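Q: Generate a structure from the sequence data that follows.
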Amino acid sequence: MVATTVNDLPSDEKAAVPSRPQGGAVEQPYYRTDGRYEGSAPFFYEIGRFPWARQVEESWKTIRTEYEANLRQGKSQVVDVFNPVGPTIPGWKSVNLQTYRWRYHPAYNSFPKTAALLSTIPGLTSAFINVLEPNSKIPPHQGDSNTIVRFHLGLDVPNGDCGVQVGPETRRCQNGTMIAFCDAHWHSSWNATPESRLVMVFDVMRPEYLGQQRRISANVLGATVVLWLETKLRLRSPLPRPLRSLLRSAIGVAFLLVTPIQRRLHHAA
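A: Reported below is the predicted structural model:
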């Protein structure tokens with residue numbers, strides 16, 4: 001999982017979060033190399049519109065039990081969340097299972113029951129178990145694309161001040177329940193309690209983009225590499241948008257070719 005915070009953007013790309021989305025037509029896929037997302041995707045989605053959601057919610061204890069067992073055995077695979085545009089954010093960690101179809105095989109092998117459950121979710125692109133440590137917060141940031149719906153399934157959510165804000169709207173999930181939102185809008189999370197928050201986070205491709213899932217996933221990974229390169233090169237400002245898009249597309253082609261091979265390594269492991 002990766003993120004771009006408001007403070008990481010140049011001044012001409014910073015803006016207040018819109019009060020509500022506008023329009024309803026199918027949008028062009030958005031990538032972070034495009035700048036600030038200004039599209040019409042809703043902030044939050046109703047869980048009831050996803051017929052497979054109940055089965056996932058009912059499996060929350062299976063995921064939590066597998067995580068706790070791996071934690072006790074020293075096989076949790078927990079790492080700091082990767083941030084391509086700056087330093088890691090304190091207190092924000094995850095078990096990375098898949099990022100836009102790119103598999104993390106050690107984690108998949110360590111979480112077979114969770115991986116089996118994920119295989120039943122239609123249009124799955126990304127999945128990870130997210131840890132937000134006590135009294136930690138994830139600052140407002142912009143996600144990867146408007147083409148996915150992001151889900152949080154509560155695994156061990158403490159009582160108290162712990163939630164997610166997308167645009168002007170705020171939600172909190174509980175153990176065994178999910179929330180769903182558009183990752184492209186500015187959003188933030190916080191845990192102002194003395195206990196860690198544990199949630200299963202996964203992304204599902206919206207139906208209108210399913211036919212482009214592989215190409216979109218490859219382009220998201222390409223955009224991430226472009227942002228990382230800009231940071232590593234310590235550029236004073238981002239590359240011009242046309243050049244950003246060209247690089248994203250070129251790198252995306254490489255991911256489009258390599259990802260199917262990389263995924264098959266999981267079956268050979």
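Q: ok, residues contacting the helix or strand where Glu230 lies?
A: Using DSSP states H and E, Glu230 maps to helix 213-232. Here helix 213-232 makes contact (C-beta atoms under 8 Å, 6 or more residues apart in numbering) with 2, 4, 29, 31-33, 84-86, 99-102, 123, 125, 144-145, 147, 205, 209, 238-239, 244, 247-256, 259. Using the backbone N, CA and C atoms, a C-beta is placed for each residue, glycine as well.
Q: Alpha carbons of it, as CSV, please.
A: This file holds the C-alpha atoms of helix 213-232, laid out as CSV (Å, rounded to 0.1, in the frame of the first residue of the first chain):
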residue,chain,number,x,y,z
GLN,A,213,-8.2,-4.4,-14.8
ARG,A,214,-4.8,-5.6,-15.9
ARG,A,215,-3.8,-2.5,-17.7
ILE,A,216,-5.1,-0.2,-15.0
SER,A,217,-3.2,-2.2,-12.3
ALA,A,218,0.0,-2.0,-14.3
ASN,A,219,-0.4,1.8,-14.8
VAL,A,220,-0.9,2.3,-11.1
LEU,A,221,2.3,0.5,-10.4
GLY,A,222,4.0,2.6,-13.1
ALA,A,223,2.7,5.8,-11.5
THR,A,224,4.1,4.7,-8.2
VAL,A,225,7.5,4.1,-9.7
VAL,A,226,7.4,7.6,-11.3
LEU,A,227,6.6,9.2,-8.0
TRP,A,228,9.4,7.2,-6.3
LEU,A,229,11.9,8.3,-9.0
GLU,A,230,11.0,12.0,-8.6
THR,A,231,11.6,11.7,-4.8
LYS,A,232,14.9,9.8,-5.3
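Q: On the C-terminal side of that helix, identify the next helix or strand.
A: Following helix 213-232 in sequence order, the next helix or strand is helix 241-268 (DSSP H and E).
Q: how distant is that following helix from the center of its chain?
A: 18 Å (C-alpha atoms, centre = their mean, to the nearest Å).
Q: swap in stretch 50-57?
A: Relative to its parent chain, stretch 50-57 has a centroid offset of 19 Å by C-alpha atoms, centre = their mean.
Q: and that stretch, which residues are buried?
A: Judged by neighbour count using 16 or more other C-beta atoms under 10 Å, the buried positions of stretch 50-57 are 50, 53, 56-57.
Q: try stretch 254-269
A: Within stretch 254-269, judged by 16+ other C-beta under 10 Å, the buried ones are 255-256, 259.
Q: In CSV: those, plus pLDDT.
A: Output for the buried residues of stretch 254-269, formatted as CSV (pLDDT from 0 to 100):
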residue, pLDDT
Phe255, 97
Leu256, 97
Thr259, 96
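Q: and which of the residues you listed is nearest Gly176?
A: Nearest to Gly176 among the buried residues of stretch 254-269: Thr259, at 32.4 Å, using C-beta to C-beta.
Q: what's the burial count for the nearest residue to that closest one once chain neighbours are set aside?
A: The shortest distance from Thr259 to any non-neighbouring residue, by C-beta to C-beta, 6 or more residues apart in numbering, is to Arg101 (5.4 Å). Residues lying near Arg101 (other C-beta atoms under 10 Å) number 22.
Q: How much space separates Arg101 from Ser217?
A: Plainly put, Arg101 is 4 Å away from Ser217 if you go by C-beta to C-beta, to the nearest Å.
Q: Can you work out which residues contact both of the two?
A: 125, 259.
Q: Tabulate the buried residues of stretch 254-269 in TSV, adding columns for distance to Lys61.
A: Below are these laid out as TSV (distance: C-beta to C-beta, whole Å):
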residue	distance to Lys61
Phe255	35
Leu256	37
Thr259	32
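Q: Kindly indicate which of those residues lies nearest Val199.
A: Nearest to Val199 among the buried residues of stretch 254-269: Thr259, at 25.8 Å, using C-beta to C-beta.
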